[in-house]
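> Build me a model:
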Amino acid sequence: MKRLRIRVEGAVQGVGFRPFVHRRAESLGLTGFVRNSPEGVVVEAEGEGERLAAFLAALSEEAPPNAAVRAIETREVATCGDTRFIVRESTTRGTRMAEVPPDLATCAECLRELFDPADRRHLYPFINCTQCGPRFSIIEDMPYDRARTSMRRFPMCAACGAEYGDPSNRRFHAEPNACRECGPSLALWRGDGSVLARAHEALLAAAAAIREGCIVAVKGIGGFHLVADAANEGTIAALRRRKRRPEKPFAVMFPTLPGVAQCCRLSPGEVALLTQPAHSIVLLRRQGGHIAPSVAPNNPWLGVFLPYAPVHHLLLSALQMPIVATSGNMSDEPIVTDEAEALAQLAGIAELFLVHDRPIVRPIDDSVARIVCGRELVLRRARGYAPAPVRAPGVAPGILALGGHFKATVAFSTAKGVVLSQHLGDLETAAARAAHQRATLDTVQLEAARPRLVVRDLHPDYATSRAADKLGLPVASVQHHVAHVAACLAEHGLRPPALGVAWDGTGFGPDGTIWGGEFLHLDGAGWRRIAHLRRFRLPGGDAAAREPRRAALGLLYEAFGDDAFAMTDLPPVAAFSGAEREVLRGMLARGANAPVASSMGRLFDAFAALAALRQRASYEGQAAAELEWAGDGYDGAPPYVLPLSDAPQGAAMVVDWQPALEAALEDLRAGAAAGRISARLHAGLAAAIAAVAVAAGERRVALTGGCFQNARLTAMTVAALTAAGLEPIWHRRVPPNDGGIALGQAAWQGWAEEKGE
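From the prediction side, this is the model:
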């Protein structure tokens, strides 16, 4: 007889791991205990050697589907002569190694019970078990136990308590366990806060109102959704006006997967992405169906997701039709999580409020993903993914990274990896900046550790830069595009050396110019810029991001000088009045409010404007996305040439866009379609990346930055690099956009420390 003390690290709390351990130990005739601790799951198991060996093998090989065992440590201890195997009360002592579990979509067994009239939880909108339900959104502290969640306000009734304590029950130690006798409940409120209906009647009344064309604010797991009939053009148009969101697509929640297939093409990878426990919004190619045009105007893609919380399943079962379910907030504001806050902030948008009384501890938006090159690519990392740590090699604990100004996240390096927060949005408003500050404190507190250093972007005016300077900690800065490349490497468990292709809209360069079309070589000695896109001026500065016509005019001026203003046959030039052109001419000639940029994002904008696709944008990336979509059906068009200039010793090479611009102008004047211009530009850019990579002599090439959300660009670049015998690396579960900046900041700082810098 032997007794082993076993410590299991990883995603092993909130996923049914203790019940699994208990059942497996009993089946092998072992005695001892299992309990949660800050270190993970701690087990002491006593029995014969062969049975203990089988038990250890089962811990990693037979773990529950949502568990992820990262490490198992064992040591032999003195036998105790226990007579049974039990689940002990959690301990709060020890180094915090346990991973905070993400929120999980309703499992098949709970769904079956939800619609079973004979089940005691029939139609109960807060049904859950050890395999599903809220986790990160309700956790107040670790280790994960009911007493440290917002469910502590709901003492279990006798029936739920019996399930919770029964090792044979699937709700054995399911911390959010509840029923209608003891758990949270629904209510439907009018705009003044008065109660219109309660319980299931509230849900049915909300469904009836949606069917009649009302907009209803629905409290879910991580915050409120604004919900409306996805086929009702008048209602969707009203939602756009009230939310001040003129064109940016809305996500659509479908009742079932077959319903999705009626409106969108579905590959096996997309089906898997839609139905995995994260249940993220997935970008799918549209192919018909009755969806209002203004849900996603002029967009061949639709953001689609399936119900992931019981309240969604019940609502859509009552409606039997797709709904728009968009974040409950005004544009640029944080998602609303509290009922009183919802009444105050959403009263001008929603007519009714379907609320519940389970507190949401932290706001969590829906994740967004797509399939690129046959693999998952997360564009917004939030519910279902956060706050899973990234195991960045060589990064010591204690580094707090505050990310960028847009698509902000927070990262904190710990002994178990770099913990990356949920998506926090753009920091353009005071409310958004306050939410980022709360998330920073929350991330640190959940890890029960003190940061020793804070990392920020080089840009002095980012809200995160100012916040870092106020924390009273030593401050380090990491250049924006270096952070992008480091994030891509860290996500894959890699470290330099590598060539990074960091393409986005804007990032502060050490030379004081706007960077965004960068080729950076990272190695043990640091980083250097080995090539970049040829620079051009952006008249109006930040206004060029909202008006692609300005980027186009800056591009034309760089290529042709004053002659650009006479090219009134070109849509972006004609889009300005004569007086406006004179003002812009002066800006560009003097370099006044016309910063120099190497931005690939603005190059895409410029070509979109030249192709008459978009002169003004109502949301970030709109023009570039429309240029990407326009290329459908033009595969095989010959690439534009973007030659690589020779550079003096030690200077960066330059990728010259002028030959591509001149060829595009010839195409336009010959009547070529925008799709042909798009296809030729994308092919030319992919070829240029491969050419720089070959010249750089670095086999591993990391593709990162917001431009690599573009599936066409990414696929063509991966193919070009592979054909050149190189190893392309691109993002999967950390966004290529600024949502990955915080991870990259922490990783690069950690690697610098490792070198002794």
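> where do the strands sit along the stretch 151-300 of the chain?
186-190, 195-198, 216-219, 224-229, 252-253, 281-285 (DSSP state E, counting those that start in this stretch).
> Make CSV from these and add mean neighbour count and mean pLDDT to it.
For every residue, glycine as well, the C-beta is placed using N, CA and C. Output for these, formatted as CSV (neighbours: other CB atoms under 10 Å; pLDDT from 0 to 100):
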stretch, mean neighbour count, mean pLDDT
strand 186-190, 20, 98
strand 195-198, 14, 97
strand 216-219, 25, 98
strand 224-229, 26, 98
strand 252-253, 27, 98
strand 281-285, 24, 98
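> residues contacting residue 196?
188, 189, 190, 202, 205, 352 (CB atoms under 8 Å, 6 or more residues apart in numbering).
> roughly how far apart are residue 373 and residue 714?
Relative to residue 714, residue 373 is positioned 6 Å away (CB to CB, to the nearest Å).
> what's the overlap in contacts for these two?
residue 730.
> still on that earlier bit, mind putting the strands of the stretch 151-300 of the chain in CSV, distance to residue 309 included?
Below are those laid out as CSV (distance: least, CB to CB, whole Å):
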stretch, distance to residue 309
strand 186-190, 12
strand 195-198, 19
strand 216-219, 10
strand 224-229, 10
strand 252-253, 11
strand 281-285, 14
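> Determine which of those strands approaches residue 676 most closely.
Residue 676 lies closest to strand 281-285 among these, at 20.5 Å (CB to CB).
> Quick check: neighbours of that closest one in the sheet, parallel or antiparallel?
When sheet partners are counted by DSSP bridges, strand 281-285 sits next to strand 301-305 (antiparallel), strand 368-372 (parallel).
> want to throw those strands into JSON lines with mean neighbour count and distance to residue 159?
JSON lines is the format used below for the strands paired with strand 281-285 (neighbours: other CB atoms under 10 Å; distance: least, CB to CB, whole Å):
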{"stretch": "strand 301-305", "mean neighbour count": "24", "distance to residue 159": "33"}
{"stretch": "strand 368-372", "mean neighbour count": "22", "distance to residue 159": "38"}
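> would you list those in a markdown table and tack on mean pLDDT?
What follows is the strands paired with strand 281-285, written out as a markdown table (pLDDT from 0 to 100):
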| stretch | mean pLDDT |
| --- | --- |
| strand 301-305 | 98 |
| strand 368-372 | 97 |
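> For those strands, give me JSON lines that also has distance to residue 60.
Converted to JSON lines, the strands paired with strand 281-285 look like this (distance: least, CB to CB, whole Å):
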{"stretch": "strand 301-305", "distance to residue 60": "32"}
{"stretch": "strand 368-372", "distance to residue 60": "27"}
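> List just the one of those that sits closest to residue 288.
The closest of the strands paired with strand 281-285 to residue 288 is strand 301-305. By CB to CB, the value is 10.8 Å.
> Alpha carbons only: can I get the closest one in CSV?
Output of strand 301-305 as CSV, limited to C-alpha atoms (Å, rounded to 0.1, in the frame of the first residue of the first chain):
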residue,chain,number,x,y,z
TRP,A,301,-20.3,37.9,-44.4
LEU,A,302,-22.6,37.5,-41.4
GLY,A,303,-21.5,37.3,-37.8
VAL,A,304,-23.5,34.2,-36.6
PHE,A,305,-23.7,32.5,-33.2
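> got the domain boundaries for the protein?
Segmentation of the chain into domains, based on automatic domain parsing, reads 2-87, 100-184, 186-356, 387-484+733-757, 515-520+531-730.
> what residues are up against the closest residue to residue 150 other than its chain neighbours?
Nearest residue to residue 150 in three dimensions, chain neighbours excluded: residue 359, at 4.1 Å (CB to CB, 6 or more residues apart in numbering). Residue 359 sits next to 138, 150, 153, 338 when contact means CB under 8 Å, 6+ apart.
> out of these, which are buried?
138, 150, 338 (16 or more other CB atoms under 10 Å).
> Now the last one. Nearest residue, chain neighbours left out?
Counting by CB to CB, 6+ apart, the nearest residue to residue 338 once its immediate chain neighbours are dropped is residue 360, at 7.3 Å.
> my guess is the one you found meets residue 151, correct?
No. If you go by CB atoms under 8 Å, residue 360 and residue 151 don't touch, sitting 11.8 Å apart.
> the more surrounded of the two?
residue 151 (26 against 22; other CB atoms under 10 Å).
> isn't that one right next to residue 178, touching?
Yes. With contacts defined as CB under 8 Å, residue 151 counts as touching residue 178 at a distance of 7.0 Å.
> burial count for residue 736?
Neighbours of residue 736 using other CB under 10 Å come to 30.
> What separation do you get for it and residue 212?
42 Å.
> now residue 532
Following CB to CB, the distance that separates residue 532 from residue 212 is 56 Å.
> Do a quick rundown of the helices in the stretch 51-200 of the chain.
108-114, 158-164, 199-211 (DSSP state H, counting those that start in this stretch).
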